[in-house]
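Q: take a look and give me a structure for this.
(8 chains, ligands or ions: 12)
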Protein chains: 8
Amino acid sequence: GFAKVDHHRNKRQGFSEIVYGEGKEPEHIISIIQSLRNRNNQVLVTRVSKEKAEKIQEVCPEFIYNETARILYWKKWTEKQTDDNGYIAIICAGTSDLKVAEEAAVTAEVLGSEVRRIYDVGVAGIHRLFNHLEEIQNATVSVVIAGMEGALPSVVGGLVSHPVIAVPTSVGYGANFNGLSALLTMLNSCASGISVVNIDNGFGGGYNAVLINQL
Amino acid sequence: GFAKVDHHRNKRQGFSEIVYGEGKEPEHIISIIQSLRNRNNQVLVTRVSKEKAEKIQEVCPEFIYNETARILYWKKWTEKQTDDNGYIAIICAGTSDLKVAEEAAVTAEVLGSEVRRIYDVGVAGIHRLFNHLEEIQNATVSVVIAGMEGALPSVVGGLVSHPVIAVPTSVGYGANFNGLSALLTMLNSCASGISVVNIDNGFGGGYNAVLINQL
Amino acid sequence: GFAKVDHHRNKRQGFSEIVYGEGKEPEHIISIIQSLRNRNNQVLVTRVSKEKAEKIQEVCPEFIYNETARILYWKKWTEKQTDDNGYIAIICAGTSDLKVAEEAAVTAEVLGSEVRRIYDVGVAGIHRLFNHLEEIQNATVSVVIAGMEGALPSVVGGLVSHPVIAVPTSVGYGANFNGLSALLTMLNSCASGISVVNIDNGFGGGYNAVLINQL
Amino acid sequence: GFAKVDHHRNKRQGFSEIVYGEGKEPEHIISIIQSLRNRNNQVLVTRVSKEKAEKIQEVCPEFIYNETARILYWKKWTEKQTDDNGYIAIICAGTSDLKVAEEAAVTAEVLGSEVRRIYDVGVAGIHRLFNHLEEIQNATVSVVIAGMEGALPSVVGGLVSHPVIAVPTSVGYGANFNGLSALLTMLNSCASGISVVNIDNGFGGGYNAVLINQL
Amino acid sequence: GFAKVDHHRNKRQGFSEIVYGEGKEPEHIISIIQSLRNRNNQVLVTRVSKEKAEKIQEVCPEFIYNETARILYWKKWTEKQTDDNGYIAIICAGTSDLKVAEEAAVTAEVLGSEVRRIYDVGVAGIHRLFNHLEEIQNATVSVVIAGMEGALPSVVGGLVSHPVIAVPTSVGYGANFNGLSALLTMLNSCASGISVVNIDNGFGGGYNAVLINQL
Amino acid sequence: GFAKVDHHRNKRQGFSEIVYGEGKEPEHIISIIQSLRNRNNQVLVTRVSKEKAEKIQEVCPEFIYNETARILYWKKWTEKQTDDNGYIAIICAGTSDLKVAEEAAVTAEVLGSEVRRIYDVGVAGIHRLFNHLEEIQNATVSVVIAGMEGALPSVVGGLVSHPVIAVPTSVGYGANFNGLSALLTMLNSCASGISVVNIDNGFGGGYNAVLINQL
Amino acid sequence: GFAKVDHHRNKRQGFSEIVYGEGKEPEHIISIIQSLRNRNNQVLVTRVSKEKAEKIQEVCPEFIYNETARILYWKKWTEKQTDDNGYIAIICAGTSDLKVAEEAAVTAEVLGSEVRRIYDVGVAGIHRLFNHLEEIQNATVSVVIAGMEGALPSVVGGLVSHPVIAVPTSVGYGANFNGLSALLTMLNSCASGISVVNIDNGFGGGYNAVLINQL
Amino acid sequence: GFAKVDHHRNKRQGFSEIVYGEGKEPEHIISIIQSLRNRNNQVLVTRVSKEKAEKIQEVCPEFIYNETARILYWKKWTEKQTDDNGYIAIICAGTSDLKVAEEAAVTAEVLGSEVRRIYDVGVAGIHRLFNHLEEIQNATVSVVIAGMEGALPSVVGGLVSHPVIAVPTSVGYGANFNGLSALLTMLNSCASGISVVNIDNGFGGGYNAVLINQL
Ligand SMILES: Nc1ncnc2c1ncn2[C@@H]1O[C@H](COP(=O)(O)O)[C@@H](O)[C@H]1O
Ligand SMILES: Nc1ncnc2c1ncn2[C@@H]1O[C@H](COP(=O)(O)O)[C@@H](O)[C@H]1O
Ligand SMILES: Nc1ncnc2c1ncn2[C@@H]1O[C@H](COP(=O)(O)O)[C@@H](O)[C@H]1O
Ligand SMILES: Nc1ncnc2c1ncn2[C@@H]1O[C@H](COP(=O)(O)O)[C@@H](O)[C@H]1O
Ligand SMILES: [Mg+2]
Ligand SMILES: [Mg+2]
Ligand SMILES: [Mg+2]
Ligand SMILES: [Mg+2]
Ligand SMILES: [Mg+2]
Ligand SMILES: [Mg+2]
Ligand SMILES: [Mg+2]
Ligand SMILES: [Mg+2]
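A: Numbering: from 1, shown residues only, chains lettered A, B, ... in the order given. Ligands and ions are numbered 1, 2, ... in the order given. Alright, predicted model coming up:
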């Protein structure tokens, strides 16, 4: 009644509708994901709290919950789980950005891409980034996550020849304005080849990267 | 003296440094592009007014000026000018978004990608978009440009399986706040697979699309 | 003492004063609605939490509480409860907008209009909207509720010839800024025939629609 | 080429596409309105400067220009020019709001509604409004235009039983923030039955009122 | 140690330092008010929660707490408690503005002015205001408190010949932005003779009125 | 026709309607001020450019123009031009605030109060303020004008026992945001007895001070 | 794994990496500070709640916790703990700014500078500041902390010949916007020699002062 | 009359009052600087346009004008013009930031410090910065100027052990919001040792650096 699941989406877009878990009752989520599981190869629910996940898993025990990423998912076993189109570099500035970074990484992995994690390499100690330069430059696409001043995507964007998806986080305080600072930094980057998703939208970063890595 | 042209960029990033023409004196631009022309296959200057372009062309007559796109460029003749990786769909909502759309299109063409223009197909008369659905769905990547409420990328994003680069424009008035409205719309899109560049940044839209189309 | 109930409003405006329940003590609400009930055909209190409603119902058991809509109301039984001026289409983008949609719907029904609910038809899967096109086009007026990027009213506005009342919701995160994004989208709509009420103001959407449907 | 005129709109929405004149070249406008004139009963171009209007009238002398409203229009002569559904009250707060008020009034008249103008009745001298109370209360719908603090729609909204379309203007200075102040006032009105259009959007006010007056 | 009480203030400004209770520990407040009580005729602490007040009253039982106003005060008994300079009208728009109105009223009374309360007379039912016109017009100064769209001070300002102190409140939701809407309304009032204090600053409203009423 | 001059205002408010000159045509102003002059003791038009003033003076040579204050006024000669209720101190921070300060001063003088000007005494060299302390403390009311950080009213407010009207100006650049910085400073002042008018509203500062000085 | 401690920082910057405690798990902090303690003379963790500090101290009992400053630190005993380059004046406006002031003071002391605290000397009672003028003028550098309108740094900046680091705090309400008001005030100061750090960033104020005091 | 030059400032602050040239008439500036020249070793006027400078130089030919910096100054010849406390590194991101950088550099030089200019070394091509690392690390203090995303101060701040003064510029467009983006970036920097001045305030950057370099 209340929900019109978009079953046609897999055909139109390559993946089933991703469920936004925030503000949905467990029973609603259960009814949606059961319906999705019957017709797709993977089902992804984002922004699920631990308590909610456990309630859902009681009914749907085949679903796996990743607590850091706050993602609940199920994936059909298939011989080949991962495309072989190179890999996605997921780079984050500080350890406080971990949750958003993992939301990106788990999304990408569940949707079938290979991921390399390069964490805690923010610009305040930039040599840490250079230690991983080759691994970053060889990726097909980078997802760069940063809070506070959000400068890392600009630096990465100036060092690689592939597309960079920048994800601002709400980490910070004061004139950070819940991530506005990092968001504006990334939109105004003077490095070319950077595009931006919403504050804390790790999912969006991972999803965009998969679309590019699949090409 | 005053400028340190980044000649290493071509090697690091695949294209030479793109010159941001706004607020630079013609003589400065001339000295920079002469230096770039000697070492690269193409040279691109964005945000150049007609008057400035004409002054530069007096000294550098091999440069071509596109007035709508406000781009001044030069391209080495090579047998093969365009990659054969499919094409970029450049889609805009209204005829007032033309300048930004052309900035994206000309950027992409000069950097070697094939472009298809699908203009004036905004959501207020959505059947116009559906008339071009197949051409859009077959692209490798779409650049979607819109001002005012900026809703078009969400609709396109829900219809294709490739990445969408959304470009908000400053077209509008009042609570549009010079493009803020369209920018926020695009950042909050509930369609997956959309990433966003700065307001009026047609160049960024085109450049990102080329990086993706080249893969 | 503290409150001056506007008993003249029914005469001036066609309906009794609607009570804004937020931040009012149960006893205050009780004294206001008892006074209103004596002189009007219906009494409506918006933004009432479940706990508060229950306290009030102990004293005023003839009042009905709708939990999703957070509305407490009483309606005099009359032979004809509903005008026969056509119906109001209440359309919402996602299942998270349900509460605001129901605030609109219940308001309209209590004030005597017929309502048709068309929920979860957001632009990311736009065919869902087209499945209901005829029902929407035949309405006297539409109330269109959407959060996140708030693009749905623009699309509906381009498809109908009646007035559209757009209601932005605070559903979303990050650059949504608690509904600002959807609000700006709706104010800047390039479809004609759209007017806007406050963020999460389902009541306002429903009330305006009733005024129009009654004509 | 560049423009896809939405000829289907009259059928879908009751009126032909309204042309937004801002930022369009005279030749573009000429080609669009000639094409529209062949298939519709009236053609309306908003936000046209005097100079632009004169250039267009040289080619299209049958078009009439209203300088205060900045509207250029043409209307097919028909026996009955105006519906007989009552009238629209167009009410403005100060003489500085005249342009926006006239944009609303002319729009409504060209689209076939009767209009009554009640101007310069702002809240600083509220008796001026009461002098016109009966005329206002007898309207089918009011369009209330105000700049600075934008309080007038709240007062009118509390005195009538029909829908009020509120139009904020950018008249003012300082903390007015180009109309933001009036816009927020109107969105937060505690009078019921008010909905709002964009800052300075007289056209939107008039158009919405016509849709309602036609019912 | 940590605090430098400004004992000179009474001499310089006519009243002792008013203590801002928010965020101060009960012991800190106790030590400050004991020190102030020894040298002044009245002591006022604003923004004190009920719990905090009770803790302080255990040590300072001569202090009185007004819960609605959240003010804790002490006043030396003197034969004449109140100046005879006329009275202050304290006017508020809705019952939700009660707390701020009482903060203004209690402040004014403790500092020695006579106060008349005229509450719940907002512009949505403007006849309620006119019922009290004479009492308002005969005041020396008015303090007008309103949330949501904050239109009441403009209306009052146009009806009186004395100064109006406008106090915006944070009552409202959505595009109210915690009182920003009412604040901007009041700053942009086109009625002359209105000046404004901070959002929810009932204290400031009362204090300014006392300074004027004393003249 | 277009304007409804509020001739009743003098009776209601003590002064005739003040004309806001911005955006009004010279002929409109002429017709309004001729009508006002016949029934009042003084007529004041604010925000009039030099050119406009000269055009009006051709028809109304009895009007005087003050260029710094941008005020055009006429005053009936009467034996006693000024009340004897003490004086208004008009204090400004820097020489760039001169125009706004003079708008306040001229307004107050034309409306019949005595004014003392204390200019260029901003907080960066605070001894300059202390040089005038006695003259300031003896005023009935102060109008304090400041741009940039707008700190001066707080300092003055802490030194006097009379009301302070604070006027923020738009003098400054960058994070001044056209006067927002000074406005917020003044609204948040921790000195008591300060109320605020709109950015650059010298007229409002002067008018409020006159109302107080007259008491 | 998850963290790349920047052990090289001491060499590059003179001090070890300062750990930002907010949002880090106790175990993470423990592993980081144990690793830092082995190679540095002092270790500093900011923004640590009391509970978190106690959990960490169970494992690392040599660490000291300052509750007001919310700082956890360890310092190697060395004969000379403090440089002899003069002292830092830490000045705050009100007692509510205490926490931020102490964060600055403790940071500076742990990093080896001498500190003089001058608290509760805000502009509303400016004589309190002048009582300490000599001590302030003799410092090498001042850190000035203020909330609400944040005017104190401007006044201090006009009285000294050394650099002033201004720290806005989030103390206040309403149009304070969580410290934005004080931040803008400080950025727009017309006293020369003032630079600003983030809202509530006492740590930044202290750290910058140490760098200057060491010279 | 209108101006109170702060002749005491040199004594209190080490330098004479710096004149803010914006919005001052040439004659005003002439009278102020003549008065300052008699009692100080150097006189500095900021934000002077070329036309204004030429008018002043006609009367005061001993004053020198630097067009890029928009500074007009005079300096008494003394045997030793420059302190020998090391040097200030002035670092800017792009050639468009030149004007602000030169305002900083000229300010510092006129006030007696040695300056090293390191321009056009923004993060998009970060190797350019590393080419100058030693020269930067050996400075006493750095002034780092950047527009657009303003990331450069964070990178520099992570590489040096001296204080960094960050100057955001208004260079950019769209979501740059006239320098807001760069300002927020710098305030939120996660490198320690960075403090910030107003957008485009090159003067403030230079002045603060001199105060530090003099120590
Ligand atoms: N949910 C709501 N949103 C906005 N306005 C409302 C709402 N509910 C009631 N109102 C209006 O708020 C006004 C003030 O209400 P009260 O505070 O109850 O005196 C009423 O007259 C209603 O018109
Ligand atoms: N400079 C000013 N700033 C703010 N309000 C003004 C100013 N000058 C006049 N006013 C007010 O603006 C109102 C509207 O003016 P008008 O547009 O002339 O009808 C008048 O009633 C005055 O009270
Ligand atoms: N209270 C604070 N405010 C701002 N920055 C800080 C604070 N405490 C530490 N930092 C900086 O934040 C950086 C990132 O910290 P981390 O997240 O611990 O890797 C550190 O290198 C410090 O320079
Ligand atoms: N470019 C500038 N930016 C910011 N402040 C300045 C600038 N130039 C001068 N100032 C300061 O502005 C203050 C006020 O200047 P004035 O308006 O000349 O009295 C002076 O005391 C200077 O400290
Ligand atoms: Mg780290
Ligand atoms: Mg079109
Ligand atoms: Mg859905
Ligand atoms: Mg008028
Ligand atoms: Mg009420
Ligand atoms: Mg000065
Ligand atoms: Mg204190
Ligand atoms: Mg460059």
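Q: remind me which residues of chain A are low pLDDT?
A: The model of chain A has pLDDT under 70 over residues A:1-2, A:79-83.
Q: what is the burial count for whichever residue of chain A sits closest to ligand 1?
A: In chain A, the residue that lies nearest ligand 1 is A:Gly23 (19.5 Å; CB to the nearest ligand atom). All C-beta atoms are positioned from the backbone trio N, CA, C, and that covers glycine. Neighbours of A:Gly23 under the rule other CB atoms under 10 Å in any protein chain shown: 15.
Q: and it, how far from C:Gly94?
A: According to CB to CB, to the nearest Å, A:Gly23 and C:Gly94 sit 10 Å apart.
Q: mutual contacts of these two, please.
A: Common contacts of A:Gly23 and C:Gly94, defined by CB atoms under 8 Å, 6 or more residues apart in numbering or on different chains, comprise C:Val171.
Q: wouldn't the residue of chain A closest to ligand 1 be in contact with C:Leu98 here?
A: No. The criterion here is CB atoms under 8 Å, and A:Gly23 misses it with C:Leu98 at 9.2 Å.
Q: do stretch A:137-154 and chain H meet at all?
A: Yes. Stretch A:137-154 is in contact with chain H by CB under 8 Å from any CB of the partner chain, via A:148-151, A:154.
Q: looking at those, which has the most residues close by?
A: Counting by other CB under 10 Å, top hit in the residues of stretch A:137-154 next to chain H: A:Gly150 with 41 neighbours.
Q: and the residue nearest to it when sequence neighbours are not counted, what element?
A: Nearest residue to A:Gly150, sequence neighbours excluded (CB to CB, 6 or more residues apart in numbering or on different chains): A:Ala182, at 2.9 Å. Take DSSP states H and E as the rule and A:Ala182 turns out to sit in helix A:180-187.
Q: now do that helix against helix B:180-187, angle only.
A: On the basis of axes from the mean of the first three to the mean of the last three CA atoms, to 10 degrees, helix A:180-187 is oriented at 90 degrees to helix B:180-187.
Q: how about CSV for the residues of stretch A:137-154 next to chain H, with distance to G:Phe15 and secondary structure added?
A: As requested, these are exported to CSV (distance: CB to CB, whole Å; DSSP: H, G, I helix; E, B strand; the rest coil):
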residue, distance to G:Phe15, secondary structure
A:Met148, 19, coil
A:Glu149, 20, coil
A:Gly150, 24, coil
A:Ala151, 21, coil
A:Ser154, 26, helix
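Q: ok, those residues vs ligand 10, which is closest?
A: Proximity of those to ligand 10 (CB to the ion) peaks at A:Glu149, which lies at 34.9 Å.
Q: test my guess that the closest one contacts H:Ser154.
A: Yes. Using CB under 8 Å, A:Glu149 is in contact with H:Ser154, at 5.6 Å.
Q: so what sits against both of those two?
A: Common neighbours of A:Glu149 and H:Ser154 (CB under 8 Å, 6+ apart) are H:185-186, H:189-190.
Q: among these, who's most crowded?
A: If you count neighbours using other CB under 10 Å, the busiest of the shared contacts of A:Glu149 and H:Ser154 is H:Met186, which has 34 neighbours.
Q: ok, it - contacts?
A: A:149, H:146, H:150, H:153-154, H:166, H:168, H:194, H:196.
Q: what do you get for A:Val19?
A: Here A:Val19 is in contact with A:29, A:32-33, A:36, A:43-46 (criterion: CB under 8 Å, 6+ apart).
Q: can you check A:Lys24 too?
A: Counting by CB under 8 Å, 6+ apart, A:Lys24 has contacts A:32, C:95-96.
Q: and the closest residue to A:Glu62 other than its chain neighbours, helix, strand or coil?
A: Sequence neighbours aside, A:Trp74 is the residue nearest to A:Glu62 in space, at 5.6 Å (criterion: CB to CB, 6+ apart). At A:Trp74 the chain is in strand, as set by DSSP: H, G, I helix; E, B strand; the rest coil.
Q: what's opposite A:Trp74 in the beta bridge?
A: Taking DSSP bridges as the rule, A:Trp74 bridges to A:Val43.
Q: is it correct that it is in contact with A:Asn38?
A: No. Between A:Trp74 and A:Asn38 there is no contact under CB under 8 Å: 11.3 Å.
Q: between these two, which one's more packed in?
A: Neighbours were counted for A:Trp74 and for A:Asn38 using other CB under 10 Å; A:Trp74 has more, 18 against 9.
Q: how about that one, what does it touch?
A: A:33, A:37, A:42-43, A:60, A:62-64.
Q: do A:Ala209 as well
A: Contacts here follow CB under 8 Å, 6+ apart; on that basis A:Ala209 touches A:88, A:90, A:104, A:108, A:113, A:141-143, A:165.
Q: so which of those are in helices?
A: Residues from those lying in helices, with DSSP state H as the criterion: A:104, A:108.
Q: closest to ligand 10 out of the contacts of A:Ala209?
A: Nearest to ligand 10 out of the contacts of A:Ala209 is A:Ile165 (CB to the ion; 50.4 Å).
Q: A:Val197 is in contact with the closest one, correct?
A: Yes. Judged on CB under 8 Å, A:Ile165 makes contact with A:Val197 at a distance of 6.6 Å.
Q: burial measure for A:Glu67, as a count.
A: 12.
Q: who's in contact with it?
A: By CB under 8 Å, 6+ apart, the contact list for A:Glu67 reads A:50, A:53.
Q: how much space between it and A:Lys99?
A: 9 Å.
Q: cool, A:Tyr20 as well?
A: 16 Å.
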